[in-house]
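> Sequence plus predicted model, see below.
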Amino acid sequence: MGREQWKKIWVGSAGNMVEWFDWFVYASFAVYFADSFFPKGNDTANLMNTMGIFAVGFFLRPVGGWLLGRVGDRKGRKAALTLTVTLMSASAVLIAVAPTYAVAGYGGVAVLLLARMLQGLSVGGEYAASATYLTEASAPGRRGFASSFQYVSMTAGQLLGLGLQIVLQRTMSEDALHSWAWRIPFIIGALGAAIVFYLRRNMLETEVYAQDDSAHSDPARGTIKALWAHRREAFLVIALTMGGTVAYYTYTTYLTKYLSGTAGMAKPTASLVSFCALFVFMCIQPLAGRLSDRIGRRPLLITFAVGSTFLTVPIMTLLRHAGSFWPALGLSLLALLVVTGYTSINACVKAELFPTGIRALGVALPYAIANALFGGTAEYVALWFKKGGIESGYYWYVAGCAAVSLIVYITMRETRTIDLHRVRRDGNAGAAVPAQPGPQPAKASPSGE
């Protein structure tokens, strides 16, 4: 992989890292600021209210996916990526200065809600713009490897948030964290977004987009009408995302709360478990992505779905009784190893399903809908089961979502050998044609067609 391609991957990933730092610090620091925006009372109820606002961000993601996906297809990937980080910076500033309930009553909740709405719009477009950019910017036989850096950067952002949380937990009192120190990560996130904005202003457009002859002549480009012509692929994105997004948010953003609130671990220990597990998880993403370039995408997706369907209940049950650091870390690593089959390649799989003129919107809107329905509500559903006294019901919920996606993975076609430069424009299922022999990897059997 050449230096220019590494540069494109770095710039795209750096912005994604800041986006997801801001997105995840809300979840990881919610245990400290939940009581700041609501009347004193039931801690679990206040946390549920705060995570309910967190879920609102997910429900705005389809709107962001539509708006920013349209920008990405009509104005370019660079334009969409620059706009997403601008929105994220604004949301981080709003949360950092939001007044508490003691100062402004529910006015602080309104500010928090507005910030989460902006985050939802931003991330709704960021995922697709980043997935599209990383996939298009890479060599044909390296798309799995290159696109895996999306979850490398997402996880790096979460690690930075968790790392900052661990530092603050060890250097500040519990009272300070609950009263004002929880604002620190949002200030840092806003500063980081400003830096990435500068980097993205100078980034290069992908050749696939720049060389597409319909970039400025097709009035239907990036529209719902054009997406409807590829509705089979759009529904496929929703179905294949369902199990992966629930499992991912279960073992990342919810894990710390689960270990501290259910397993009874001290918050600093729970945060350290999450940090170490996520660091290993981040490091193995490119390895899995490169493996998919050799053997195909479907084997990894199927491995994830089988593992998540049959191992979720035992892993979560054992985690509930993991009383110390090492057992909890081992189980968390096992869970994240299974999830890697999805996270390392899902970006390129979705991008490979659509032609250039509808690729950003085609990935953005269906993915955002799936996340609004399943990813964004995962923590709230988990807390609902817990509040109802049947927490184990959530384990079966996660396994069931994975089982649905398993059916999709088994029946879908292989996308590894698709040539992004050669697309069909007739709107039929199958957004691209197989690449020509040469430097491309060997053609795999198009299972399920």
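Thanks, I have the structure now. If you're wondering where the values come from, they're calculated on a predicted model, not measured in any experiment.
> Would you mind writing the CA trace of the helix or strand encompassing residue 332 as PDB?
Residue 332 belongs to helix 325-343 when assigned by DSSP states H and E. The C-alpha trace of helix 325-343 is given here as PDB (Å, rounded to 0.1, in the frame of the first residue of the first chain):
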ATOM      1  CA  PHE A 325     -10.000  -8.100  36.800                       C
ATOM      2  CA  TRP A 326      -8.500 -11.200  35.000                       C
ATOM      3  CA  PRO A 327     -11.700 -13.300  34.600                       C
ATOM      4  CA  ALA A 328     -13.600 -10.300  33.400                       C
ATOM      5  CA  LEU A 329     -10.800  -9.300  30.900                       C
ATOM      6  CA  GLY A 330     -10.600 -12.900  29.500                       C
ATOM      7  CA  LEU A 331     -14.400 -13.100  28.900                       C
ATOM      8  CA  SER A 332     -14.500  -9.600  27.400                       C
ATOM      9  CA  LEU A 333     -11.600 -10.400  25.000                       C
ATOM     10  CA  LEU A 334     -13.500 -13.600  23.900                       C
ATOM     11  CA  ALA A 335     -16.600 -11.600  23.200                       C
ATOM     12  CA  LEU A 336     -14.800  -8.900  21.300                       C
ATOM     13  CA  LEU A 337     -12.800 -11.500  19.300                       C
ATOM     14  CA  VAL A 338     -16.200 -12.900  18.100                       C
ATOM     15  CA  VAL A 339     -17.500  -9.400  17.300                       C
ATOM     16  CA  THR A 340     -14.300  -8.700  15.200                       C
ATOM     17  CA  GLY A 341     -15.800 -10.900  12.400                       C
ATOM     18  CA  TYR A 342     -18.400  -8.100  11.900                       C
ATOM     19  CA  THR A 343     -16.600  -4.900  12.800                       C
END
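> Now the element after that helix, going C-ward?
helix 346-352.
> quick one: residue 10 and residue 135, what's the gap?
Noted for residue 10: a distance of 15 Å to residue 135, by Cβ to Cβ, to the nearest Å. Placement of C-beta: from N, CA and C, glycine included.
> before we move on, back to that, tell me the mean pLDDT for the helix holding residue 332?
Averaged across helix 325-343, pLDDT comes to 97.
> what do you get for stretch 201-218?
Mean predicted lDDT for stretch 201-218 stands at 78.
> Need the distance between the two termini of that stretch.
Using Cα to Cα, to the nearest Å, the end-to-end distance of stretch 201-218 comes out at 26 Å.
> quick one: that stretch to chain centroid distance?
Here stretch 201-218 is found 25 Å from its chain centre; the criterion is Cα atoms, centre = their mean, to the nearest Å.
> Same check on stretch 399-416?
18 Å.
> Equivalent analysis for stretch 395-405, please.
Distance, centroid of stretch 395-405 to centroid of chain: 18 Å (Cα atoms, centre = their mean).
> Show the low-confidence segments of the stretch 1-150 of the chain, by residue range.
1-2, 41-46, 51 (pLDDT under 70).
> ok, which stretches of it are helices?
3-33, 43-59, 61-74, 77-97, 101-104, 107-136, 143-147, 149-171 (DSSP state H, counting those that start in this stretch).
> so which of those comes closest to residue 304?
helix 149-171 (12.6 Å; Cβ to Cβ).
> Specify the angle between that closest one and helix 325-343 in degrees.
Interaxial angle, helix 149-171 versus helix 325-343 (axes from the mean of the first three to the mean of the last three Cα atoms, to 10 degrees): 160 degrees.
> name the element residue 367 belongs to?
Secondary-structure assignment from DSSP H and E places residue 367 in helix 359-370.
> helices or strands up against that helix?
The contact analysis (3 or more Cβ pairs under 8 Å, 6 or more residues apart in numbering; DSSP states H and E) places helix 359-370 against helix 61-74, helix 107-136, helix 224-228, helix 231-251, helix 346-352.
> re the thing from before, using JSON lines, please lay out the helices of the stretch 1-150 of the chain together with mean neighbour count and distance to residue 242.
Formatted as JSON lines, the helices of the stretch 1-150 of the chain follow (neighbours: other Cβ atoms under 10 Å; distance: least, Cβ to Cβ, whole Å):
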{"stretch": "helix 3-33", "mean neighbour count": "22", "distance to residue 242": "20"}
{"stretch": "helix 43-59", "mean neighbour count": "19", "distance to residue 242": "14"}
{"stretch": "helix 61-74", "mean neighbour count": "25", "distance to residue 242": "15"}
{"stretch": "helix 77-97", "mean neighbour count": "23", "distance to residue 242": "24"}
{"stretch": "helix 101-104", "mean neighbour count": "13", "distance to residue 242": "36"}
{"stretch": "helix 107-136", "mean neighbour count": "26", "distance to residue 242": "15"}
{"stretch": "helix 143-147", "mean neighbour count": "29", "distance to residue 242": "20"}
{"stretch": "helix 149-171", "mean neighbour count": "21", "distance to residue 242": "17"}
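> Tell me how many other residues surround residue 395.
For residue 395, the count of nearby residues is 20 (other Cβ atoms under 10 Å).
> Residue 317 versus that one, what's the distance?
From residue 395 to residue 317 the distance is 7 Å (Cβ to Cβ).
> And residue 193, by the same measure?
40 Å.
> right, and residue 276 touches residue 329 too?
Yes. Between residue 276 and residue 329 a contact is recorded at 5.7 Å, counting by Cβ atoms under 8 Å.
> burial of residue 180, as a residue count?
14.
> Could you pull up phi and psi at it?
Reported as degrees, to the nearest 10, the phi and psi values for residue 180 are phi -150, psi -30.
> try the one 3 residues further on
Here is the backbone geometry of residue 183 (degrees, to the nearest 10): phi -80, psi -20.
> contacting residues for the closest residue to it other than its chain neighbours?
Leaving aside its sequence neighbours, residue 183 sits nearest to residue 96 (Cβ to Cβ, 6 or more residues apart in numbering; 5.0 Å). Applying Cβ atoms under 8 Å, 6 or more residues apart in numbering to residue 96 gives the contacts 183, 186, 187, 190.
> Pretty sure residue 421 sits in a strand.
Yes. Residue 421: assigned to a strand according to DSSP: H, G, I helix; E, B strand; the rest coil.
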